[in-house]
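Novice: need a 3D model of the sequence below.
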Amino acid sequence: MKGRLFLASSINFTGKDIAEKIGGDVTRLKTAFITTAAEGEGPGDMSWLDNDRKGLLDGGFDLFDYTLTDKTSEDIEKDLGDCDVIHVNGGNTFYLLVQARESGFDEFIKKFVDKGGIYIGSSAGSVIASPDIYITRKLETKIYEKELKSFEGFGLVDFIVLPHWASKVFRELYLNHRLDVAYVKGNKIILLTDSQYVLVEGDMYKIIGVGDV
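Specialist: As a prediction, the model looks like this:
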C-alpha cells in the first residue's frame, strides 16, 4: 500500500493535527468530504456533521461535499479520480457500506490508496476501512444489514477501529451491546478516544493522541 491512512474517532478534534502530519500546503490538495454515512442516521440533530467538517476546514483543507448515494462507478471515477485526499465521515457504517458497494466506491478506494492517495476516516469512515464491520452493529443498522450479503469492509487495514471509546454519549451502546458483540476471538481491535487517531504508513501504524477530550 503506497498511500497514507489517518483513521480518526472524531475528525472534529484531530483534523488540525492530521493536516500537520500530511505536511505542506493542504489547501492545494483536492479533498472530498464523503457525507454518505450521515444519511443513514435519519432525522435529528446533525450539528456533529458540521463540527466534523469544521475540523478539517480549520486544518486548512479545501473541501467539497460528496455523497456516494445514487452514484455509478463511472461517476465515482469522474468525480473523485483526481482527488489527492478522500475523507469518509461518520454516521451509519452499514448504510455507508451498502452505498459504497452499489456505487463501486469500495473497489475505487482500494485502488486510490494503492496509487498513493491519502485516506482519512472519522468514526464510521474509520470502521469501514477494516476487514469486517460486524462488531459495530446496533439496532439501528438492522434495516441495512438485510441489504448486505456479507460484512466485509474495505480491507485497507488488518484491524478494526472502535471509535468514541470512553465517550459519555456512547457509553450505553458500548456497555449494553457493542462489547458483547466484539468479545470474540479473531478480532484485532483498536479502541480510540475522540482525541486519538491511527496513522498508517505502509506496514506501520501507530496511535496518536492530540489532547484530552
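Novice: let's check: the centremost residue of this structure is which one?
Specialist: Among the residues of the chain, the one closest to the centroid is Gly125, at 1.2 Å (CA atoms, centre = their mean).
Novice: wait, is that residue part of a helix?
Specialist: Yes. Checked against DSSP: H, G, I helix; E, B strand; the rest coil, Gly125 lies within a helix.
Novice: how close does it sit to Lys185?
Specialist: 27 Å (CB to CB, to the nearest Å). The C-beta positions use only the backbone N, C-alpha and C, and glycine is treated the same way.
Novice: before we move on, what about Gly23?
Specialist: For Gly23 relative to Lys185 (CB to CB), the value is 39 Å.
Novice: show me where the chain has helices.
Specialist: Taking DSSP state H as the test, the helices found in the chain are 11-22, 36-39, 47-58, 73-80, 93-103, 105-114, 124-127, 142-145, 171-173, 179-182.
Novice: so which of Gly23 and Lys185 has more stuff around it?
Specialist: Using other CB atoms under 10 Å, the more surrounded residue of Gly23 and Lys185 is Gly23, with 7 against 4.
Novice: beta partners for the residue nearest to Phe64 when sequence neighbours are not counted?
Specialist: Spatial nearest neighbour of Phe64, excluding adjacent residues (CB to CB, 6 or more residues apart in numbering): Ala32 at 6.2 Å. Beta-bridge partners for Ala32, by DSSP bridges, are Phe64, Ile86.
Novice: I'd like to know how many residues surround Ala32.
Specialist: 18.
Novice: contact partners for it?
Specialist: For Ala32, the contacting residues are 63-64, 66, 79-80, 83, 85-87, by CB atoms under 8 Å, 6 or more residues apart in numbering.
Novice: repeat that for Leu29.
Specialist: With contact set as CB under 8 Å, 6+ apart, Leu29 has these partners: 22, 61-62, 84-85, 118.
Novice: returning to what we had before: buried subset of the contacts of Ala32?
Specialist: 66, 80, 83, 85-87 (16 or more other CB atoms under 10 Å).
Novice: so which of these is the closest to Leu57?
Specialist: His87 (11.2 Å; CB to CB).
Novice: any idea how far that closest one is from Ile189?
Specialist: His87 is 23 Å from Ile189, by CB to CB.
Novice: same question for Asn51.
Specialist: 26 Å.
Novice: what does Lys21 give?
Specialist: 23 Å.
Novice: got it, and Glu147?
Specialist: Counting by CB to CB, the separation of Glu147 from Ile189 is 25 Å.
Novice: cool, Trp165 as well?
Specialist: According to CB to CB, Trp165 stands 10 Å off from Ile189.
Novice: the more surrounded of these two?
Specialist: Higher neighbour count among Trp165 and Ile189: Trp165, with 16 against 12, using other CB under 10 Å.
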